[in-house]
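Asker: generate a structure from the sequence data that follows.
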Amino acid sequence: MSNGINAIKGFDYQATVPLDLLFKHFDSKGPSARARPEGHEDIDLIWQEGSIERRHYFQIKKPREDNQGNLKPRHWTLVEAVDELLPNTIRNLRGNAFEQTWILGDIVADDLQALLGAGADAPARAADI
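Answerer: Take a look at the predicted model:
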C-alpha cells in the first residue's frame, strides 16, 4: 500500500473519530460552543463558562499499520509519548486551566498507562518509573 493511501486513511480516521466529540460538545455547551479542526491539535473544542473561555484539545493517532494496510500492533511507549505528544500538551496547557486528551489507536505500555493514570500525582509517580 502506498504512503499516500496510508495518509488518506489517517486523515479519514482523524475526521471520523471527532464526530462523536463534536455532537456531545455542541449539545452540552450550547451557543458558546465552537470547534477548530487542525487548530493547536487535531481538534480544539472551545466554549464559554460565564466570562471564562475553556478549551479542550484532542490529539488523535490512528492505529499503526504496515505498508500493506495490516494492523501493526505496537504499544505506545513512555519515550514515544514524551517525544511525540508531550511537547504540544505542555505548550497547550501552560498557564491556563485548559484540558488535553490523547486518543491513541494503539495499546499504551504499562509505564505510560501508570503515569497517565496518576493524574495530579504524576510528578511524584514519575520519579518511581
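
Asker: so which residues of this structure form helices?
Answerer: For the chain, applying DSSP state H gives helices covering 3-16, 18-29, 78-80, 86-93, 110-117, 122-126.

Asker: with just CA atoms, put the second one into CSV.
Answerer: What follows is the C-alpha trace of helix 18-29 in CSV, where atoms were taken according to Å, rounded to 0.1, in the frame of the first residue of the first chain:
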residue,chain,number,x,y,z
PRO,A,18,-14.1,13.6,16.3
LEU,A,19,-17.7,13.3,15.1
ASP,A,20,-19.0,12.0,18.5
LEU,A,21,-16.9,14.6,20.3
LEU,A,22,-18.4,17.4,18.2
PHE,A,23,-22.0,16.2,18.7
LYS,A,24,-21.5,16.0,22.5
HIS,A,25,-19.7,19.3,22.6
PHE,A,26,-22.4,21.3,20.7
ASP,A,27,-25.2,19.5,22.6
SER,A,28,-23.7,20.2,26.1
LYS,A,29,-22.0,23.6,25.7
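
Asker: now that helix: buried residues?
Answerer: For helix 18-29, a neighbour-count test (16 or more other CB atoms under 10 Å) marks 18, 21, 25, 29 as buried. Yep, even glycine has a C-beta here, placed from its N, CA and C like the rest.

Asker: for residue 58, find the nearest of the helices of the chain.
Answerer: Proximity to residue 58 (CB to CB) singles out helix 18-29 among the helices of the chain, at 6.5 Å.

Asker: mind giving me the packing neighbours of that closest one?
Answerer: With contacts defined as 3 or more CB pairs under 8 Å, 6 or more residues apart in numbering; DSSP states H and E, the packing partners of helix 18-29 are strand 34-37, strand 43-49, strand 52-61.

Asker: now do 7 Å
Answerer: Applying 3 or more CB pairs under 7 Å, 6 or more residues apart in numbering; DSSP states H and E, one finds that helix 18-29 contacts strand 43-49.

Asker: circling back: take the buried residues of helix 18-29 and lay them out in TSV including pLDDT.
Answerer: Output for the buried residues of helix 18-29, formatted as TSV (pLDDT from 0 to 100):
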residue	pLDDT
18	88
21	93
25	97
29	96
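
Asker: if anything else comes up later, I'll come back, but that's it for now.
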